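Novice: What follows is a predicted structure for the sequence shown.
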4 protein chains.
Amino acid sequence: MRYADGKVSEIQIAYIGGGSMYWAKNLIADLALEEQLSGTIRLYDLDHGKAKNNEKLGNSVSSYEDAKSKWEYKAYETLSEALTGVDFVFISILPGTFAEMAVDVHEPEKYGIYQPVGDTTGPGGLMRALRTIPMYVTFAEAIERYAPDAWVFNYTNPMTLCTRTLYEIFPKIKALGCCHEIFGTQGLLIRMLKEMEGIEGVQRDDIQVNVLGINHFTWIDQATYRNKDLFPMYSEFVDKYYQEGFETSKNGWRTNTYTAANRVKFDLFIRYGLIAAAGDRHLVEFMPPWYVKDKETIASWMFGLTTVPSRVEKNAAAAEYYARLISGEEKLPLKASGEEEIRQLKGLIGLQSFVTNVNLPNAGQMKGIPLGAVVETNAAFSGNSLKPIHAGELPVEVNSLVLRHVMNQETILKAALERDENLAFHAFVNDPLVTIGINEAEELFETMLMKTKSYLPGWDL
Amino acid sequence: MRYADGKVSEIQIAYIGGGSMYWAKNLIADLALEEQLSGTIRLYDLDHGKAKNNEKLGNSVSSYEDAKSKWEYKAYETLSEALTGVDFVFISILPGTFAEMAVDVHEPEKYGIYQPVGDTTGPGGLMRALRTIPMYVTFAEAIERYAPDAWVFNYTNPMTLCTRTLYEIFPKIKALGCCHEIFGTQGLLIRMLKEMEGIEGVQRDDIQVNVLGINHFTWIDQATYRNKDLFPMYSEFVDKYYQEGFETSKNGWRTNTYTAANRVKFDLFIRYGLIAAAGDRHLVEFMPPWYVKDKETIASWMFGLTTVPSRVEKNAAAAEYYARLISGEEKLPLKASGEEEIRQLKGLIGLQSFVTNVNLPNAGQMKGIPLGAVVETNAAFSGNSLKPIHAGELPVEVNSLVLRHVMNQETILKAALERDENLAFHAFVNDPLVTIGINEAEELFETMLMKTKSYLPGWDL
Amino acid sequence: MRYADGKVSEIQIAYIGGGSMYWAKNLIADLALEEQLSGTIRLYDLDHGKAKNNEKLGNSVSSYEDAKSKWEYKAYETLSEALTGVDFVFISILPGTFAEMAVDVHEPEKYGIYQPVGDTTGPGGLMRALRTIPMYVTFAEAIERYAPDAWVFNYTNPMTLCTRTLYEIFPKIKALGCCHEIFGTQGLLIRMLKEMEGIEGVQRDDIQVNVLGINHFTWIDQATYRNKDLFPMYSEFVDKYYQEGFETSKNGWRTNTYTAANRVKFDLFIRYGLIAAAGDRHLVEFMPPWYVKDKETIASWMFGLTTVPSRVEKNAAAAEYYARLISGEEKLPLKASGEEEIRQLKGLIGLQSFVTNVNLPNAGQMKGIPLGAVVETNAAFSGNSLKPIHAGELPVEVNSLVLRHVMNQETILKAALERDENLAFHAFVNDPLVTIGINEAEELFETMLMKTKSYLPGWDL
Amino acid sequence: MRYADGKVSEIQIAYIGGGSMYWAKNLIADLALEEQLSGTIRLYDLDHGKAKNNEKLGNSVSSYEDAKSKWEYKAYETLSEALTGVDFVFISILPGTFAEMAVDVHEPEKYGIYQPVGDTTGPGGLMRALRTIPMYVTFAEAIERYAPDAWVFNYTNPMTLCTRTLYEIFPKIKALGCCHEIFGTQGLLIRMLKEMEGIEGVQRDDIQVNVLGINHFTWIDQATYRNKDLFPMYSEFVDKYYQEGFETSKNGWRTNTYTAANRVKFDLFIRYGLIAAAGDRHLVEFMPPWYVKDKETIASWMFGLTTVPSRVEKNAAAAEYYARLISGEEKLPLKASGEEEIRQLKGLIGLQSFVTNVNLPNAGQMKGIPLGAVVETNAAFSGNSLKPIHAGELPVEVNSLVLRHVMNQETILKAALERDENLAFHAFVNDPLVTIGINEAEELFETMLMKTKSYLPGWDL
């Protein structure tokens, strides 16, 4: 990296999973829009051809007239080449294929276990973790060897266990897990300000929140706008919209299964007095099957189940569009993704200090959770420094809910590292969504393992 | 207290719940058999007449020829008189009547939730805790005021929450919770030694165990006899008797619902690799409803459900026998109860040092459990000193099971102290036995509260 | 407080010690320069007349043309009136008179113990703490009663023990200890950037530092400017100026005893590899008497001893100037003090988020120091929220130096609260500066107590 | 090991430092007197000839008529042979020769620093630690490789750092540090009982104490005999003998520099209210030079300085006697040493459970001291199990004294492992006995390093 005249050039970034069709587009656009930074993106993917595609796309964007900075994109065939000497590493991979994802999501449905997402917790999240953790062992070992001083941004789910694995294998790694769910909740509070008091033009940074929990199961116990405590207003807001929900577009959840009407979030506020700070589709997966008991219940809470066939379909459409981008037939629109990776890069480079929420090992920032477990709280970014901010402690009745998952995650990590089926099953039956009988649980667990066994190398199945 | 010639006289003991027909008999006999100690037992009970009965019975036993020491028994009408100036306090009460106990045990059955005991955890244990905690608040305040230096032995269930309440209200109290469940497991290991290797005459103290957990959900991770590690033998023993169970009297569990064939204990060993160290009837209440799914499942695991009508019946018989004891028609047989209260008294008086398991606030003796929560581990008794012994940590997959209850207990305590129905319900639905829908759970919870409301003073029901 | 159009009005601030001639002038000027804020300053002082003086001065400044905001100043005769309903409390008092300060500083000199300041640690700091802690007990009790939700800024030394006392007495207080010593070190790094690399125009916020320690004995283990690690440059800088020192004005330390040539700071860097982040005059008081062995040694390290007679003299001059201000003969120049109180106010009001160093109880932000002890680290300010940032841990050989003072401070607190001379003496002889014999130490300690006894009410002297 | 008929045979014990003339004799006699145990002692020593001597002596004692058990002694030439497959390891070595010891003790005297022993703390203890730690690194590595399941008893000083090193290198080692200083204090309390109340025949185990601290700087905060609190009696006892001291033989300290009149122990009681539980000669080395300011001061406190020439002389006499033992000219008298190694062996073998004080890493048994530091508290021995007992916390003013040494020990460990002279010097000047100027300290430190450099391999001196 080289700093001159307020700009930083020659930044080297390795991008693991660099053959992506989704996250890559966002990154390419965000980078092109940032005039203070420039450098090289080294793309690495198991499917090298896809990385080459992004090399082509990225470099073409760099040549756009409206690109404020020129980045060089280059695909690499090995992790060691991609990593050696970089300043930053981004990891955003898909562990397995849609076939495994279908097992994660749809096998449990046969036993009445519904998961709107299935990538974080529940039977699906557990299976996905078993596949992903060994990959992250490889990444951590490679980073320790080839880029020990690099800052590593993880974007893959299950976020907590991916980040946790990096630290387990290479304890001195400078890694963080990044997720935008909190931003969504800040957005909801902004819409609330307009709805309830007609206040407009509020920016996300104006909504100051204290965040505690684990990724996708985070809670906000303090929220302010200027000198205003937002909790009393939120309480009225919840009362007002509890029955009908509150959405950007009316009944959007019926057509877009990636959205929800926030009724679950509102119900959790009424029950626990805190703002649950992830999307409803994630939240319901961490609770007992109150909200996903059956399809009627799910509909009554106004969110949908994202099916894997629908993801396959969506992917096909994306692939077509993507092909047009690669061929140059169509141009990538340069607009900000709403993610924070650029701001975070700039923070760690020393260009600006700020506070935002990230996933980091608990060094004491969250009381009541074991040290070392990965938690999501605010942290302070500054030059080559990322320090967690003391977030305090959840009330015991809520911490209890979170802790159960933390303990399960630690069990899953141990199970994945030791390829211990018995241990993995302990975590499986300890998941709140798994309220079926022990024998049915065993049957489902076995089926899921067998059907994803090609992604479980070294297991005795 | 006065020490002379190897004996200690003038010991003053307050006995709260001193109108008991059961535990009192044991205590009276145990004291009469101990020649090193003598003094006064001050009986206090809400039902003063019952305390007078035990005054009569106790003093008559003191006049038996075979009584090795002469204790004076005296009933008191107020807590303050009973407590002022005593050296020791014993608390063993029944919180509520059989009517409340019937609600604890049998209302949940209507929703398919079976509890063999219902006094520790599960819906029944929770309700019992809500009734008992305010009583213990009263005791703790009285002890702080009238007997702050006394050692306080608790025998009431829910053991953990009773002991926890004493420390919550009077943090400097010198209280311990005493339970014989571990002794039962040591007894099983003694029978195993005979069964598997023909070793006879083994005493309980020869079976050295490391204990971790919470009362009625304790685990043993090391057990030795002489220089022999008992785990390999236990593993063979479990394999041998897993199917048919292992009992003192064949099929005893069919007729005596207070016993079991240890099949649950064996199953937990196979699953988790540790010796679960309470009776099966208690253990099943801490787990998901694997062992109590329905009556067939229960029978297949070879233990019974102790019904409250059967307790009422048993009580009537006991009352008759007890009347004969009071009238002098029959003599109380002086034989040791198998409890440890005498040894513990002698330990704290300074007559002998030893190690045994007790319930105490976690001062670090059990890693992985929050400080302050009441845990059951070994502790060292010596003159005016009771110090917990570092027990280490349960493996994460077992600690997870225990921690869930610890968090629930902390929630229940808060709920009982603040008379907060919402909080109590959070604990209720977080109990592993409660896998019914949230609406059914609400209904059951409300019913149980309403039916026991006469023992919930100050609640807004 | 009322927020409208980007401004906050009706802010209520109580100022304890509001009769000050020094800090008050700074505050009055800083407030007048800040256009976003306005409200009332309630002045409280033991010497009510002096508070009235500042009422007059403050209100006259509000009428200046160049005052960007109009604050109302009002003197109150009781703490309760001054505190009731305020949003903020500032505390900046002088505990005792110059006579007591002379005892603090000059009695120890008779035993060869030199202290350039004598208000934080060493014999002088200890005596000052014994006088000050009871006053802070009073403040804490009054704040708990009259302004429990107010944010409390402490500026009085000994900073650590004043802040610690507030939390000891009222654990839920929202107090912080504010000190500008770190700013001075950031200033030194700015001058270094110019000196070593010709970089100009650097602002204090551009120098990002990680701070660990206790007030006046803080350490920096990471410092960056943009993406540049400042430690290698500092190492060269220290080598270059180790012998001659580095000052704003050459030989300034000879005439101005409030300054120093940074030789001590440089020596500590060579020894321990970290940047000691307070002024040399403070630093030497925390170490063994390496730098203050005798007057020659002191001169060789290029700092002076601030004598109390010189303070008296300076005070007389200030009083004259101050009289002219009050009379209106002279106008208070409106220029920023360089302190941070305005920024911190704005942070807590929710107008801006930022990170800076403050003194707070250790909630885990500084590993290796007992929880609850007051430490100085970075913290994040935002709307009604101040959260410490995890600072990590000092290397054991440096933590050892800090911990010794932390333990001494805890001892002093206990001694002051219990008025326990024996305990205070334990702390006295455990101070690194006290290397005289135990008998001489006793003599000195007694003398200092006796000579300041009018400020030690309730002591048995 | 083999258990049969109440006896355990075939015990394998490796004895590192097995060429000793002192501790070996005690062990040989103690083993010969114990009828329940038998097996083999494998002697290992850098001086193999000396190990052969003890092989001869040991086997000859086994043939004594009055030997109650027959042990086989065998000298080994390598650590690997000595260790492979043993059940226990004893380590009792002399790190260096009398020449190095003379540097430890007598060089500091030239600077007015007097140390009665010089093997634990102070300049002498530090130097000895620097020599010893690398040896213990070797032992720990060998034990990890050849005898990972063995219980390891350390007897070498500096006790804390030797034990600490074993755990640093091989964290799963089952090691304990054993010291008899507490026994001496229990003996003093026994003599007090006779002196003050005429009570005779008290055994050490009857004196129950709670121990907290680090080896040779331990404190007792509770002591009982039967139901009697010994603190009030000790207070009177101290008052009575404060001036003249209390010794087994009047003025014994004048002729036997290994004894003392307990005046220091009494003075510490008066100052701190706790019983300092090591011999006065050790205690004074942990405090500031209050008791060792100069020779007059030392004499006034009634203990002597053990000079190295006197040790050399004593050693010559011992060697002569020892030669007679080897040659068979004289018989080793079989009488118990007063050490506890036999009881501890029996405890860990599972023959008896008991509580005694040992040195172990802090797993929470001593609050206020960092986890992992080696502390001395009570611990419970039982079959293959040694668990620390929660000892509580020292009052802050005493913990402060202990903690300073703990931090120094951690610094010394780091310095020795990294052979870092700078770090070692930080510990050196932070020792309470080192109150000389920083330049004199540097000079002394350099001299001591240079004069012992043949035992500091790998150092850059």
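Specialist: Thanks, I have the structure now.

Novice: Can you name the residue of the stretch 1-150 of chain A nearest chain B?
Specialist: A:Gly112 (12.0 Å; Cβ to the nearest Cβ). All C-beta spots, glycine's among them, are computed from the backbone N, C-alpha and C.

Novice: Any chance you could list what contacts stretch A:106-119?
Specialist: Stretch A:106-119 is touched from outside by A:101, A:104-105, A:122-125, A:128, A:157-158, A:257, A:281-282, A:284-285, A:289, A:292, A:294-295, A:298, A:303-308, A:433-434, A:436, A:440, A:444, A:447-448, A:451, with contacts defined as Cβ atoms under 8 Å, 6 or more residues apart in numbering or on different chains.

Novice: Quick check on these: which are buried?
Specialist: The neighbour-count test (16 or more other Cβ atoms under 10 Å in any protein chain shown) marks A:101, A:104-105, A:122-125, A:128, A:157-158, A:257, A:281-282, A:284-285, A:289, A:292, A:298, A:303-306, A:308, A:433-434, A:436, A:444, A:448, A:451 as buried among the contacts of stretch A:106-119.

Novice: From the residues you listed, which land in helices?
Specialist: Filtering the buried ones among the contacts of stretch A:106-119 for membership in helices, criterion DSSP state H, returns A:101, A:104-105, A:122-125, A:128, A:281-282, A:284-285, A:298, A:308, A:444, A:448, A:451.

Novice: For A:Glu244, grab phi and psi.
Specialist: phi -90, psi -10 (degrees, to the nearest 10).

Novice: any idea how far B:Ile93 is from the closest residue to it other than its chain neighbours?
Specialist: Excluding its sequence neighbours, the residue lying closest to A:Glu244 (Cβ to Cβ, 6 or more residues apart in numbering or on different chains) is A:Ala261, at 7.7 Å. From A:Ala261 over to B:Ile93 the distance is 51 Å, taken as Cβ to Cβ, to the nearest Å.

Novice: And for A:Leu274?
Specialist: 37 Å.

Novice: ok, those two, which is more surrounded?
Specialist: B:Ile93 (23 against 19; other Cβ atoms under 10 Å in any protein chain shown).

Novice: So the more buried one sits against B:Thr138, correct?
Specialist: No: with contact defined as Cβ atoms under 8 Å, B:Ile93 does not count as touching B:Thr138 (10.9 Å).

Novice: The residue in the stretch 201-350 of chain A that chain B sits nearest to: what's its closest spatial neighbour, skipping adjacent residues?
Specialist: Using Cβ to the nearest Cβ, the closest approach of the stretch 201-350 of chain A to chain B is made by A:Trp290 at 4.3 Å. Closest residue to A:Trp290 apart from its sequence neighbours, by Cβ to Cβ, 6+ apart: B:Ile438 at 4.3 Å.

Novice: per-residue pLDDT, the one you found?
Specialist: Per-residue confidence at B:Ile438 stands at 97 (pLDDT).

Novice: okay, now it: neighbour count?
Specialist: That count, for B:Ile438 with other Cβ under 10 Å as the rule, works out to 19.

Novice: That one contacts B:His426, correct?
Specialist: No: assessed by Cβ under 8 Å, B:Ile438 is found out of contact with B:His426, at 11.4 Å.

Novice: which residues do those two both contact?
Specialist: With Cβ under 8 Å, 6+ apart applied, the contact sets of B:Ile438 and B:His426 do not overlap.
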